[in-house]
Structures are given as structure tokens and as C-alpha cells.
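Student: Sequence isn't available, so here's the structure alone:
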Ligand code: FES
Ligand code: FES
């Protein structure tokens, strides 16, 4: 999800490029594609100072949601930024799920890395402010009054002394003829009416009445897609195994089955609904090659990782001072090994995509985090130029990084092309579980050195695992490059291919190499070991595992030094005021050091995606069962746009992280994934969910990420609390007491 | 041919009798609110009411619906005003429970069945009624609060007065003219 690794951020200046479009509407847009004109969004006569916003002559204010909504709340929080500058209640803004557009690519049109608010905070306010100025200018002209006497309220411009007023829509065409101001004044924070307030989520009604249309719902409910069929694909039992042949005799006899065909990912059973397709898929007898992973299992991967740690020196991710010397001189060295398993995303909505090739175009309806990546792979699968592919993003039942990878869209387009009709490919839960792009499994060895006063002098963290970017780029992101990526990025990605990227991918060491504690000698290194299991971005990526390793080991070191875990952290984080502030606030709210009877506390702090989060978990252990009762969370994510949504993201991240900490892992068995459904990949349930309290610090800084930063600290906070309760240090997830 | 009542309307369905109700409702009758999560009765995303009782529609065949009364999320509350929805839906809206929203139809159906039977459930009763419904987004703290609130609304005969403008919309999924 960390797109920042893919290239230099575009500057505001490089983004601002004005081009006139037909009919007097205006679009300001970056043009990465090299084609002369970006396609206009909206219609003639709309006021559209930038691609995100159209104010129509029939008085609708339309926001193009270029970031896809997957539960993180951008459908509410991003329109709030525009509404604020227009002095318009965000609830009055119509939200359109945006198409692929150059203006929305930075440099990929992707939703991830907890960047939506941080990246859009300024541009969207500027867009709203530009529209405001243009509306004011149009009204001033119409009534021949000075602009200073005009105000915006309730979707209209008013001139109080004359009593004149005009709806935005009435002014749209005239406003669109005004020039787009380059530096419109933004509202001072003291005048914010919606930013900083818990504006109710605009999707709350549709998501509580069954009306929300997710990818899997496309074509139901009368949407016009003639002859839409549903397909289920029989997939390989092992990663990388090739289809050698199949017998579909019995499958074809199931009523409702239309066709059974070989596709790149397996055997597609096309039927007039999911149930007959799924039934028939069970009857297909497919023959597969062994594939490269035959015989491989998780234990063998772990053993190979240990061998690599024994035998290899890794790439240095950080080297302060001289750890080797610190180790020689140490009074005491403590060491530990932490093992992290593969994890599936298990979004509640299984992967699915609907495609239809007709009249020389390919329409794709898809729940995706990366519509332009979909467009690129769909074009290849459709054998059409990219501009003949129209991607319609839908709401999605969770993303968490899984839906940034477009494999399921490419597959649907191929099936639809071969079937010659619109097809919705729906993955079973088993398909989804067994053909995910998993959070990588890693193995970590840590050493800390203490001098004879018990002070920590050195820290070494060596880890082994695969490179996410290095494996994904050649397969998918690479498909995007030729036509639009700016030169610099093309050079890094294109020329180098996966190999160099693997060497540079920092996602494996993020949250480890940036250890914030004041320790003189720090060495962090990573060894690349790729067993060939598909891997991908999993909510908070490297942070999700490295925070567990680092913050657990910090706790070990604190105990070895005889220090209170909170005091130990505070003393060594003096140079990090945001860490200190969240630690202190959480400690105060949780009454650190004084847990309820029968409970123990654990603490962890971690910075990721620009935000710092401290979490304190209060647990009890009963008959070997870990129970988390309460979690206090303090976050510094800068300015909070919508406190209730940030709170919700903290709650969700904590629950998501508790599933990893307490419940589930996927294991490889003979080259395929053993787990298949929620009976063997269980999620945290309501009766296991703690009370969660969320507090904010430092709201003066610009906004930073919230979708992921709540996750990393929870596993170590719980493990540290379990240690406090039992004296057992648990170094493997999910946490299991001996 | 199987006949039953769905959301107050008599329906006749000509699909194989072993088709799970989930797919009858979605693919056969075109009601998308009931969701597919696991297909094995493990997640609760497909929860509907059969004669007022919550069931996993992915695990119950069409044949079992003959002559019975089915309710899905679309038929749970009258609407369109928020105050005309089921108290569980009102509480879900008031508490902004949904993140992605995919599990919430099932959660609401489970909660509604609980409250309809018991308008003052204990925390243990809430946990036991809802713990079979998975939510990957982690909305459980809000679900718990919303169930309590829904019970309160039901007991007090009040309704939630949050306003929303039904004319302002999330655009339906892009059509063919896009
Ligand atoms: S889809 Fe029926 S319980 Fe999961
Ligand atoms: S709200 Fe997303 S799965 Fe529950």
C-alpha cells in the first residue's frame, strides 16, 4: 500500500496545469499521460475548477471520489474538505465514484498507504476555494456589486444589503467562464465548521438498509447488463501449478451451466448464477502440473529462513555507531528470535469483478483500490488499447491492501472475452483464502547490549523475508508503466525490473530501521529470501509485523534493565515529542501501573504513515486463554478532519490487529494454503472484543495517516501485557501460551 | 416451484429446490442486500429472518422456505424516513456503525431478531446473539453500542431523528453511458 516507494511525490506546481475544455467548463489537471487533453469529467456548463468538483447548472454539487471507499470513510471525509471551502454542508454533496483520470494519479490512482487525507488536504481545499472565488466573481458581475459584500451560505451566494441571492447552479455557467484562481485564499482554521467535527458518514443510511452496491452486487437489482452470467474458476491447488487438462462432462450436466472453459487462472465455469457455477466447479476434474512449490510447507520456509540468518549477511538498512564493538564490550547481551506467519486479508466481500466487452470497448465494474492498474491489466486481457477500457469503481467490502492487486480483474476480463458476454467472476471464500497475496512470513533475530549500569548501549535487528514490491512490480505494476509514468519512475522501475527493487524495497524493514529510541549502536539488516508464495500489502505492511518484534523486544530490554516499560520508553524517546505525548496521554487515561484487579497492562508505541500511536492493553489470562478487556489508544495524526471516523479507524485497526495477534495464520502445505474458510482462519468476534478508548494529541500539524497506524502497536501491547501477567514472553504470532 | 412470502410479498420461485436461499434472494430475485461471505454458515453475512428467526441463508435450501415468511434487510424497516426503519437500523445509522458495510446487513438482521424477541438484552445475550457474525473491519464496539441503543429505542418507543437528504446520493455504480 505504500505507494510512496514507487516514485517521487509530485509537487503541487507540477500538478497545476490548466486546460480549457468545451463549453466553458474548466478543468485544472496534471497530464501524465502525454496525450494532449485529459478527458473532461462532467458536462458542458458545469463549474469545475478541478477534476474533483463539478457544480452543475441544475444545482448539484458533485464530488468525484478518486480515492476508493473501502470502509475508511473517505466518502465522507474528502467531500468535507471541499464543502468547507464552499461553506456547504458535506451532506449536500453528491459523491460519484470517480473514473480513471490523469488528475487523480499521484503517480498511480491508488488508495492505500493511509495517504488519502494527507495527500488531498490541500488540493481539495484549494479546489473548493477556487470554485468559491469563481462563484463570487460571477455573482459580483451579475449584480455589479463588490465581491467583498457577498457571502456563500447553504449552496447559494447572497448579497445581504440588496437581498439578492443566487443558487450555485444558477451561477455555474457564468462562474465557469471566470479564470481559475491560482492561489485562492483558504479558510482560516478558526472558521472551520465541518473540518474537525464528526460529520455523520454519508454512506451510513445506504449501508444500513441494504442499498449499498458492492462489486458483487453489480447486475442485480435491475441494472441493465443483458445476459450477465456468473463464473466460478477452479484454481490450482498449488501456487504456480499449470492446468494440464480437465474433464467437465459432469459439470456441464448441472442445470444452469452455460460453458466450461480453460482460462489463465484455471477452469472457468460459466453459469446463470453463482450457485450452479459453484456446484459445477466442484464437479470439474482438473489435472495440474506439480508447480514450483510442490512439497514446500511453512516449517520448511521457517527452517530456510533460520539457515539464511545463520549463514548470510543482510543488506544494511541502518548502521549507527558500531554494534559489533558494543557487543564485545557489553556487560550483558540479551537475544531473542521472533517468527511471523503468513496472513490472509480475508475481506468480508470475496474477490469479484464484472466485465463486458462490447462495441470495441471493455467495461469493468470492480471493487478496487487501484482503478488505473485495473485498466492496464484489463486492456491486456481484453486485447484492447487502454483508452478503450472503462473502469467503474464500486464500493467494496474491505480492501486492506488485497484490492490493490488486480489479478481478479484481469481474470474477469479474460473470462468475459472468451465467453463473449458480460460475466461476473465471483470467488468462493475458499478461492479467496487460498489465492491471496499474503502478508509475508519473516524471521527476526534481535540482540541488545547492556553495560554494567544496566544501560542499553546497542541494538541489532536482523530479519529475513521476501520483498513485496520486488515480486509485485514485474507482474502488475509494470503493466502500467509504458504510457504514463514520469521519466524518473520509469527508469527506476522499468530498467531495473524486480531485481533492483527487491534490493531497495524498504517495506520489509519499515518500522524496524527507523527505531526511534536513543541507543548509540544500532544495526538493522534484512536478508532477502523468497520462497515463492504470493505476497502483498496487508494493512500497515511491514509495520504490522516489525512493530510487534521491535516493541516486544524493547519490553524485554526494559525488563532486563529492571526498568518500568513506560519509563524506559519515555527516557529514550526524549528527541521524539510526538511519541512522548501519546505515551503520556495513553498512560494517564489507562492509569498505567494500576490495572483493574486480575488484569495486567502492556504498552507499545509506534510511528507509521506519518502518525504516532500508543496503545495500552489490559489483559487477563485464564486457563491459558488470553483475554483483552480494554485498549486505550492515543494517536497523533495531526489535524483530525473527522474525529468519529478516526476513532472508527482506530477501533477497526485494533480489532484487525487483535485477529493477527490472537487468532489466525495461514500455513503452506505441499505448495498450497491449508486454510480455506473461517472455521480454520478465524477472525476476532464480538465477545472477544475489548472496550476501546481513543484519544487525540497535537492537532496543529497537517493531517497524517489513520487507516493503518492504529494496527501496529496492538500486538506488542497485548504480548507485553501477557508477559506482565504470566512471565511468558511470546515471540510468535498468533500468541499462544505454553 | 416454491412459494413463500418475501418482505411481505408473495413470491413463486422456479429454481432447484436445493439452491441455498442466499442465491435465490440474490441471483433469483435480485435483492442484493443479503451478502455472501463464506457460503458455509460461518460468518453471518447472509443472515435473514425465517418466520422472524435469524437464519444463515447460505445454509438453508429453497425447499425449506415453502409456505414460510422471509425477511431481508430490504424489508426489515419501512423507510424511507429514518424514523420508519427498524430500531436496529436507526441505531446503526445514528452510531455510524458501518465501515465497509458489507457485513452490516447480516449484523442488523441478527440484532433485529434479538431485539424483537427481547427488548432489554443483557451484554451476555448481545454477545451470544451477535458473536457468530464476523466483521473484518472491526465494527464490533459500535455494534455492541448500537444493539443497546436499538433496544432502548424499542423500549422507549422513540425514534432517531437524524436527518439525511434522500435526494443527495452516492451515484449508483457507473452505467454503460459513463
Ligand atoms: S455466507 Fe452464510 S454464513 Fe457466511
Ligand atoms: S463493516 Fe466491513 S466487514 Fe463489517
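Tutor: In hand now; what should we look at? All values derive from a computational prediction rather than experimental measurement. Numbers count the residues shown, from 1 in each chain, chains lettered A, B, ... in the order given. Ligands and ions are numbered 1, 2, ... in the order given.
Student: Please name the nearest non-neighbouring residue to residue A:54.
Tutor: Of all residues not flanking residue A:54 in the chain, residue A:42 sits nearest, at 3.7 Å (C-beta to C-beta, 6 or more residues apart in numbering or on different chains). Placement of C-beta: from N, CA and C, glycine included.
Student: Hmm, residue A:49 and that neighbour touching each other?
Tutor: No - if you go by C-beta atoms under 8 Å, residue A:42 and residue A:49 don't touch, sitting 11.2 Å apart.
Student: where's the residue in the stretch 451-600 of chain A positioned nearest to chain B relative to residue A:76, distance?
Tutor: Closest to chain B within the stretch 451-600 of chain A is residue A:539: 10.0 Å, counting by C-beta to the nearest C-beta. Residue A:539 sits at a distance of 20 Å from residue A:76 (criterion: C-beta to C-beta, to the nearest Å).
Student: who touches residue B:34 in this structure?
Tutor: Contacts for residue B:34 (C-beta atoms under 8 Å, 6 or more residues apart in numbering or on different chains) come out as A:210, B:22, B:25, B:26, B:46, B:47, B:48, B:57, B:72, B:73, B:105, B:106.
Student: element containing it, please.
Tutor: Under the assignment given by DSSP states H and E, residue B:34 is not contained in any helix or strand.
Student: so which helix or strand takes in residue A:633?
Tutor: Counting by DSSP H and E, residue A:633 is part of strand A:625-636.
Student: how about the helix or strand where residue A:651 lies, does it get close to ligand 2?
Tutor: Following DSSP H and E, one finds residue A:651 within helix A:643-658. No - residues of helix A:643-658 are not located near ligand 2 by C-beta under 6 Å from any ligand atom, the shortest gap being 8.1 Å.
Student: Check which helices and strands that helix sits against.
Tutor: strand A:625-636, strand A:691-696, helix A:714-726, helix B:140-156 (3 or more C-beta pairs under 8 Å, 6 or more residues apart in numbering or on different chains; DSSP states H and E).
Student: What is the distance between it and the centre of its chain?
Tutor: Centroid separation for helix A:643-658 versus its chain: 14 Å, with C-alpha atoms, centre = their mean, to the nearest Å.
Student: so for it, what's the average pLDDT?
Tutor: Across helix A:643-658, the average pLDDT comes to 97.
Student: List the contacts of residue A:565.
Tutor: By C-beta under 8 Å, 6+ apart, the residues touching residue A:565 are A:554, A:555, A:558, A:559, A:602, A:603, A:720.
Student: Make sure the fifth one is indeed in a strand.
Tutor: Pointing back at residue A:602 there. Yes - applying DSSP: H, G, I helix; E, B strand; the rest coil, one finds residue A:602 inside a strand.
Student: what bridges to it?
Tutor: In this entry, residue A:602 is beta-bridged to residue A:617, by DSSP bridges.
Student: Centre of chain A to the edge, which residue is at the far end?
Tutor: Largest separation from the mean C-alpha position in chain A: residue A:162, at 50.7 Å (C-alpha atoms, centre = their mean).
Student: Tell me the pLDDT of the residue nearest to residue A:603 when sequence neighbours are not counted.
Tutor: The shortest distance from residue A:603 to any non-neighbouring residue, by C-beta to C-beta, 6+ apart, is to residue A:616 (4.9 Å). In the predicted model, residue A:616 carries a pLDDT score of 98.
Student: Now for residue A:616, how many residues are close by?
Tutor: Using other C-beta atoms under 10 Å in any protein chain shown, residue A:616 is surrounded by 28 other residues.
Student: can you pull the contacts of it?
Tutor: Applying C-beta under 8 Å, 6+ apart to residue A:616 gives the contacts A:586, A:587, A:590, A:592, A:601, A:602, A:603, A:631, A:632, A:717.
Student: thinking again about what came up before, when residue A:42 and residue A:49 are compared, which one has more neighbours?
Tutor: Applying other C-beta under 10 Å to residue A:42 and residue A:49 shows that residue A:49 carries more neighbours, namely 30 against 21.
Student: where's the more buried one, which helix or strand?
Tutor: Residue A:49 belongs to strand A:47-50 when assigned by DSSP H and E.
Student: So for that strand, mean pLDDT?
Tutor: The average pLDDT for strand A:47-50 rounds to 90.
Student: Chain B - how does it break down into domains?
Tutor: According to automatic domain parsing, chain B comprises the domains B:2-75, B:82-170.
Student: looking at these, which one has the lowest mean pLDDT?
Tutor: Minimum mean pLDDT among the domains of chain B: domain B:82-170, a mean of 93.
Student: Residue numbers of chain A in contact with ligand 2?
Tutor: Residues of chain A lying near ligand 2 by C-beta under 6 Å from any ligand atom: A:71, A:348, A:397, A:398.
Student: Could you pull up the contacting residues of residue A:312?
Tutor: Residue A:312 neighbours (C-beta under 8 Å, 6+ apart): A:464, A:527.
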